[in-house]
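Asker: any chance you could fold what I've pasted below:
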Amino acid sequence: MADLNKTILQSLASGLAGATVLTALHETVRQFSDDAPRADVLGERAIKKVMKKADLDPPAGDDLYYWTLGGDIVSNALYYSLVGLAKPKHALVAGTALGLAAGVGAVGLPGPLGLGTAPTTRTPATTVMTIGWYLVGGLVTAGAYTLLKGKWSLGRMKLS
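Answerer: Model (predicted):
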């Protein structure tokens, strides 16, 4: 049981690392590029939509923005933590698959969900960045998981 608990914590910590890098990419590049994906806009729309369906008043302004960032980090961390279902030697493949799936989902799902398509598909560059950044999040998650499981190696030097 202790090993399972340790693996769960390692998975969650790895997912948090990937989610944090993903959010940092989104939030940094959008300050400098008009083509940057706007995950914050999608998150705000989603929060407003869900809260209105629940007959609740959604937050506004900075509060909505902070709820969105928190929600993005928590949901992406939980999603990326699925890397823990893979053996450490397969973490890179799992992280890549998780990242690509999330990126394709971030491009393809907002329209059908009624959240709009422009935040992730406004230009070809926006679409590529969206998929690429989720992939980066998956790769960071895989690296963190491998490191935390003690299976990281640099050439002949093994860090375990």
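Asker: tell me, how many residues neighbour A39?
Answerer: Look at A39: counted by other C-beta atoms under 10 Å, it has 25 neighbours. Every C-beta, even on glycine, is put in place using the N, C-alpha and C of the backbone.
Asker: summarise which helices and strands the helix or strand where D40 lies is packed against.
Answerer: In this assignment (DSSP states H and E), D40 forms part of helix 39-53. Packing partners of helix 39-53 (3 or more C-beta pairs under 8 Å, 6 or more residues apart in numbering; DSSP states H and E): helix 2-29, helix 61-80, helix 118-121.
Asker: let me have these in CSV, extended by distance to K49, mean neighbour count and mean pLDDT.
Answerer: What follows is those, written out as CSV (distance: least, C-beta to C-beta, whole Å; neighbours: other C-beta atoms under 10 Å; pLDDT from 0 to 100):
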stretch, distance to K49, mean neighbour count, mean pLDDT
helix 2-29, 20, 18, 95
helix 61-80, 12, 16, 96
helix 118-121, 14, 20, 96
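Asker: between those helices, which gets nearest to R45?
Answerer: Evaluated with C-beta to C-beta, the helices and strands packed on helix 39-53 place helix 118-121 nearest to R45, the distance being 8.2 Å.
Asker: how far off centre is the closest one?
Answerer: Offset of helix 118-121 from its chain centre (C-alpha atoms, centre = their mean, to the nearest Å): 16 Å.
Asker: re earlier: quick one: closest of the helices and strands packed on helix 39-53 to T141.
Answerer: Distance to T141, taken as C-beta to C-beta, is lowest for helix 2-29 among these, at 3.2 Å.
Asker: quick one: work out the angle between that closest one and helix 61-80.
Answerer: Here helix 2-29 points in a direction 140 degrees away from that of helix 61-80 (axes from the mean of the first three to the mean of the last three C-alpha atoms, to 10 degrees).
Asker: buried ones in stretch 89-108?
Answerer: Neighbour-count burial for stretch 89-108, counted by 16 or more other C-beta atoms under 10 Å, picks out 91-92, 94-95, 97-99, 101-103, 106-107.
Asker: send the alpha carbons of that stretch over as PDB?
Answerer: C-alpha atoms of stretch 89-108 as PDB (Å, rounded to 0.1, in the frame of the first residue of the first chain):
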ATOM      1  CA  LYS A  89      10.200   3.100 -18.800                       C
ATOM      2  CA  HIS A  90       7.100   4.000 -20.800                       C
ATOM      3  CA  ALA A  91       6.600   7.400 -19.300                       C
ATOM      4  CA  LEU A  92       7.900   9.300 -22.400                       C
ATOM      5  CA  VAL A  93       5.400   7.500 -24.600                       C
ATOM      6  CA  ALA A  94       2.600   8.000 -22.100                       C
ATOM      7  CA  GLY A  95       3.400  11.700 -21.600                       C
ATOM      8  CA  THR A  96       3.600  12.200 -25.400                       C
ATOM      9  CA  ALA A  97       0.300  10.500 -25.900                       C
ATOM     10  CA  LEU A  98      -1.400  12.500 -23.100                       C
ATOM     11  CA  GLY A  99       0.100  15.800 -24.400                       C
ATOM     12  CA  LEU A 100      -1.000  15.200 -28.000                       C
ATOM     13  CA  ALA A 101      -4.400  14.000 -27.000                       C
ATOM     14  CA  ALA A 102      -4.900  17.100 -24.800                       C
ATOM     15  CA  GLY A 103      -3.700  19.400 -27.600                       C
ATOM     16  CA  VAL A 104      -5.900  17.900 -30.200                       C
ATOM     17  CA  GLY A 105      -8.800  18.100 -27.700                       C
ATOM     18  CA  ALA A 106      -8.100  21.700 -27.000                       C
ATOM     19  CA  VAL A 107      -8.300  22.400 -30.700                       C
ATOM     20  CA  GLY A 108     -11.300  20.300 -31.500                       C
END
